[in-house]
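[1] with the sequence up front, the predicted model follows.
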Amino acid sequence: MNFTLTEEQEMIKQAAKDFAHAELLPGVIDRDEKQQFPSEQVKKMGELGFMGMMVDPEYGGSGLDTLSYVLTMEELSKIDASSSVVVSVNNSLVCYGLESFGSEEQKEKYLKKLASGEIIGAFCLSEPEAGSDATSQKTTAIDKGDHYVLNGTKNWITNGNSASVYLVIAQTHIKKGYKGINALIVEKGMPGFEIGPKENKLGIRGSDTHSLIFNDVKIPKENRIGEDGFGFKFAMKTLAGGRIGIAAQALGIAAGAYELAKNYSKERRAFGTEIANHQAIAFKLADMHTQIEAARYLVYKAAWDKDQGNNYDISGAMAKLYASQVAMETTVEAVQIFGGNGFVKEYHVERMMRDAKITQIYEGTSEIQKIVISRNILKN
Ligand SMILES: Cc1cc2nc3c(=O)[nH]c(=O)nc-3n(C[C@H](O)[C@H](O)[C@H](O)COP(=O)(O)OP(=O)(O)OC[C@H]3O[C@@H](n4cnc5c(N)ncnc54)[C@H](O)[C@@H]3O)c2cc1C
């Protein structure tokens, strides 16, 4: 076993940290308050190669391993989870999905721009009646020979209004159930494609979440990803990797809140001494540190599994389940350590507590992760 990062991984981690402090930290409170999408910051992350980190340089990516991506997600999420979710969706859902399963023409046309950050993408699976139960797709893509006609509504789509390219899951052969589902590449501006109003959210408020409405949208056949009926498998395989990115986001939120709380505890005085000298506070920090380290090893292990070509269904699900729980618990305790200051915006931890919650919900809720884990362990 080797717990040491390579020189390259250390450099990437440092670059992400420097970027987060220089570019994400200023304005993070304001963007959260105003629900403002971090357009400028995303553009700069594209220039740094953060938007297509694992994509082959042939297609405009950085050609890095999953661990480098996870380290970047962790550092960005310590400061601004609204920005890191844009990175996560673009990298692990959109770029990964297209690079792994798209045709050469699709990679040339879409992946190059997505991986370089010239444009960003969205991944559209959830619907008003199909969340955890993603097989119940009501959106239809009816085969009309050389094209599909797309009708239906998608819910909760991250990058909903900021994306240019949308990977949309839809039912083509209703009688075949989940085996009749397809994944289609939809471009913003296609006639009949409307974007619903922005959601007013508890957390990750800087990210751009919308419903999408499709009314007789004509999608050329060459925009289908993979064989006819591959859409559900496409979604599940892509989400398995996406969970590692969200696990890293959760880890980053936890680590960021912990670092702030630790520093604060060494400055704030009560009863004649720094609050860190009260064992109740020191023990909170000990628990937080231990849980974050445990989450970190699960997240890095899942990334390592993916890089080794191992099955990462269970390690990704465990990483997301545990890291998101740690993110929630750590941020609640961080607010507690800050006392009244924890309850106001300028100290950041209240935002982190709000942001942490989503990591237990999207890309498969904690309950769904437990289904994935239990099915895997009971197979043997
Ligand atoms: C901010 C935000 C961004 C999002 N971004 C995207 C995106 O970009 N693309 C996208 O496709 N989706 C996105 N989603 C949707 C997200 O993935 C879903 O909200 C999530 O999968 C849960 O689905 P649901 O909301 O329909 O909840 P439901 O499926 O209705 O679940 C409700 C509750 O029941 C539990 N539950 C459901 N089934 C079971 C079961 N079998 N056993 C035990 N418990 C169960 C759930 O765990 C949950 O606690 C986003 C959501 C949010 C809030």
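    Looks like it arrived, so ask away. Numbers count the residues shown, from 1 in each chain.
[2] neighbours of the closest residue to the ligand within the stretch 201-350 of the chain, just the number please.
    Of all residues in the stretch 201-350 of the chain, residue 209 sits closest to the ligand, at 4.6 Å by Cβ to the nearest ligand atom. All C-beta atoms are positioned from the backbone trio N, CA, C, and that covers glycine. Residue 209 has 23 neighbours, counted by other Cβ atoms under 10 Å.
[3] who in the stretch 151-300 of the chain is up against the ligand?
    Proximity of the stretch 151-300 of the chain to the ligand, by Cβ under 6 Å from any ligand atom, involves residues 156-158, 201, 204, 209.
[4] who touches the closest residue to residue 117 other than its chain neighbours in this structure?
    If the residues on either side of it in the chain are set aside, residue 117 comes closest to residue 46, at 1.7 Å by Cβ to Cβ, 6 or more residues apart in numbering. The contact partners of residue 46, by Cβ atoms under 8 Å, 6 or more residues apart in numbering, come to 116-118.
[5] what's residue 148 sitting at in phi/psi?
    phi -110, psi 150 (degrees, to the nearest 10).
[6] that one: what's it in contact with?
    141-142, 170, 172, 182, 184, 218-219, 221, 224.
[7] same thing but at 10 Å, please
    Residue 148 is in contact with 140-142, 168, 170, 172, 182, 184, 186, 217-221, 223-224, counting by Cβ atoms under 10 Å, 6 or more residues apart in numbering.
[8] which of the residues you listed sit farthest apart?
    The most widely separated members of the contacts of residue 148 are 140 and 220, with 16.8 Å between them, by Cβ to Cβ.
[9] which non-adjacent residue is nearest the residue nearest the centre of the chain?
    The structure's the chain has its C-alpha centroid closest to residue 88; by Cα atoms, centre = their mean the separation is 3.8 Å. Residue nearest to residue 88 in three dimensions, not counting chain neighbours: residue 245, with 3.9 Å by Cβ to Cβ, 6+ apart.
[10] with residue 9 instead?
    Closest residue in space to residue 9, ignoring its immediate chain neighbours: residue 68 at 5.4 Å, by Cβ to Cβ, 6+ apart.
[11] residues near that neighbour, how many?
    Neighbour count of residue 68, defined by other Cβ under 10 Å: 24.
[12] look up how far residue 345 lies from it.
    Using Cβ to Cβ, to the nearest Å, residue 68 is found at 32 Å from residue 345.
[13] let me know the pLDDT of the closest residue in space to residue 222 that isn't next to it in sequence.
    Computed as Cβ to Cβ, 6+ apart, the closest residue to residue 222 that is not its neighbour in sequence is residue 105, at 6.4 Å. Note on residue 105: pLDDT of 98.
[14] so for the helix or strand harbouring residue 105, what gets flagged as buried?
    Per DSSP states H and E: residue 105 is located in helix 104-106. The neighbour-count check on helix 104-106 (16 or more other Cβ atoms under 10 Å) flags residue 106 as buried.
[15] next one: that helix to chain centre, how far?
    Averaged C-alpha coordinates place helix 104-106 at 25 Å from its chain's average position (Cα atoms, centre = their mean, to the nearest Å).
[16] may I have the phi/psi pair for the closest residue to the ligand within the stretch 51-200 of the chain?
    In the stretch 51-200 of the chain, the residue that lies nearest the ligand is residue 131 (1.7 Å; Cβ to the nearest ligand atom). When read as degrees, to the nearest 10, the backbone of residue 131 gives phi -110, psi -90.
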